[in-house]
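Enquirer: Need the 3D shape of this:
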Amino acid sequence: MHRELMEITDTPTHIHRVLYRWDQEETDRAFFTCRPVEELAQWDIFMEALATRLTRGSLRIFVLWDNETGVPLGRVTAFDYNPRNYSAEFGYYLPPGNRYHGYGKEMVQRFLFLMFSDGIWQPNKLYATTASGNTPSIRLLEGLGFHLDGVMRDHYWFGASVQDQHCYSLLAREWAK
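Expert: Residues are numbered from 1 along each chain as shown. Here you go, the predicted model:
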């Protein structure tokens, strides 16, 4: 296997441009979050805000990298770290051409290994949310041993349709098994 998961830093590189381009080109950005979806900021403003969050340690971004081709395949973003409760939320993204190839599972597995052995945040719990209709994401999380902690009813609005939000979590001791 010629892939690795690498954490990116606040120093602008070509990978930051790739991540920005993914956001620019994604036509279904609204389907990947229950938070308000705003227009993507211009590059300089985007990079300044990203660098600030990365420097403060309130955000960590990991990229699954294909070393053979030199191409990034997807990203995992850890955020909302709570040092009191040793927990953090995370989300993952694959551009359309990289979906349904097993990269998501590989990427999240590597992310879990890194985070649960991490000396920086030392999380006890990692959690992710997804829309009830996002079957690939639900399969991925459940396949990696995540537990459904709860359902927020009518939480995702997609135009006139609505879906529940599923909240999944995995504890460090469960991952260790």
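Enquirer: Distance-wise, check Gly150 relative to Arg173.
Expert: From Gly150 across to Arg173, the span is 20 Å (CB to CB, to the nearest Å). The way it works is simple: take the backbone N, C-alpha and C, and place the C-beta from them, glycine included.
Enquirer: Please point out which parts of stretch 114-134 sit buried.
Expert: Of the residues in stretch 114-134, 114-116, 121, 123, 125-132, 134 count as buried by neighbour count, 16 or more other CB atoms under 10 Å.
Enquirer: Likewise for stretch 3-19?
Expert: Across stretch 3-19, burial judged by 16+ other CB under 10 Å covers 5, 8, 10, 12, 15-16, 19.
Enquirer: For the most far-flung residue of the chain relative to its centre, report the pLDDT, please.
Expert: Relative to the C-alpha centroid of the chain, counting by CA atoms, centre = their mean, Ala160 is the outermost residue, at 26.2 Å. Ala160 carries a pLDDT value of 88.
Enquirer: again with the one 3 residues further on
Expert: At Gln163 the predicted local distance difference test score is 94.
Enquirer: Show me the contact partners of the helix or strand where it lies.
Expert: Using DSSP states H and E, Gln163 sits in strand 161-171. With contacts defined as CB atoms under 8 Å, 6 or more residues apart in numbering, strand 161-171 is touched by 34, 87, 112, 124-133, 138, 141-142, 144-156.
Enquirer: Same question for stretch 66-83.
Expert: 2-5, 15, 18-19, 22, 57-65, 87-95, 98, 103-104, 107-108, 111, 115, 121, 123, 126.
Enquirer: Give me the ChimeraX select line for these, limited to the buried ones.
Expert: Restricted to buried positions by 16+ other CB under 10 Å, the ChimeraX selection for the contacts of stretch 66-83 reads:
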select :5,15,19,22,59,60,61,62,63,64,65,87,88,89,90,92,93,94,95,98,103,104,107,108,111,115,121,123,126
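Enquirer: where does the nearest residue to Thr33 once chain neighbours are set aside land in three-state SS?
Expert: Of all residues not flanking Thr33 in the chain, Gly91 sits nearest, at 7.4 Å (CB to CB, 6 or more residues apart in numbering). The three-state label given to Gly91 by DSSP: H, G, I helix; E, B strand; the rest coil is strand.
Enquirer: Correct me if wrong: Gly91 contacts Ala128.
Expert: Yes - between Gly91 and Ala128 a contact is recorded at 6.3 Å, counting by CB atoms under 8 Å.
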